[in-house]
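A.B. asks: Here is a sequence together with a model predicted from it:
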Amino acid sequence: MPHVDIAYEELPDTVKDNLTEAQWRLAQQGAILEGMKIPETTFYVNLKNGQRRRYDEGERANAPLLPEHDLAGAHGKSDEQFHSSPPDANVP
């Protein structure tokens, strides 16, 4: 997966409020680069401005994006979602 090269300090507050710096390093693995096709229909957070919106599978990303479900909640310091997947996930 391509690597999103955005320093933690440069992320929008929406992202930093929900991910610790360590979680951000893990979350980058699931980020979508600008111009890439969206792999699944869900809500994504724009990593440039913090806005969130639903993108449909196959649509092109208009900015670097992070799936909203990857926002862990920094207050809990849990990064479980980066180390496991739901039993019904389509993992190659």
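C.D. replies: That came through fine.
A.B. asks: mind listing what residue 46 touches?
C.D. replies: For residue 46, the contact set (Cβ atoms under 8 Å, 6 or more residues apart in numbering) comprises 12, 52, 53, 62, 63, 64, 65. Using the backbone N, CA and C atoms, a C-beta is placed for each residue, glycine as well.
A.B. asks: out of those residues, which is most surrounded?
C.D. replies: residue 65 (24 neighbours; other Cβ atoms under 10 Å).
A.B. asks: Contact partners for the residue nearest to residue 16 when sequence neighbours are not counted?
C.D. replies: Among residues not flanking residue 16 along the chain, residue 8 sits closest, at 7.0 Å (Cβ to Cβ, 6 or more residues apart in numbering). Residues in contact with residue 8, defined by Cβ under 8 Å, 6+ apart, are 16, 21, 24.
A.B. asks: List the buried residues for the top helix by length along the chain?
C.D. replies: Using DSSP state H, we find that the single longest helix of the chain is helix 21-27. Of the residues in helix 21-27, those buried by neighbour count under the rule 16 or more other Cβ atoms under 10 Å are 23, 24, 26, 27.
A.B. asks: ok, now stretch 48-55?
C.D. replies: By 16+ other Cβ under 10 Å, the buried positions in stretch 48-55 come out as residue 55.
A.B. asks: tell me the SS of the residue most central in space within the chain?
C.D. replies: Nearest to the mean C-alpha position of the chain, by Cα atoms, centre = their mean, lies residue 66 at 2.2 Å. Of the three states, residue 66 takes strand under DSSP: H, G, I helix; E, B strand; the rest coil.
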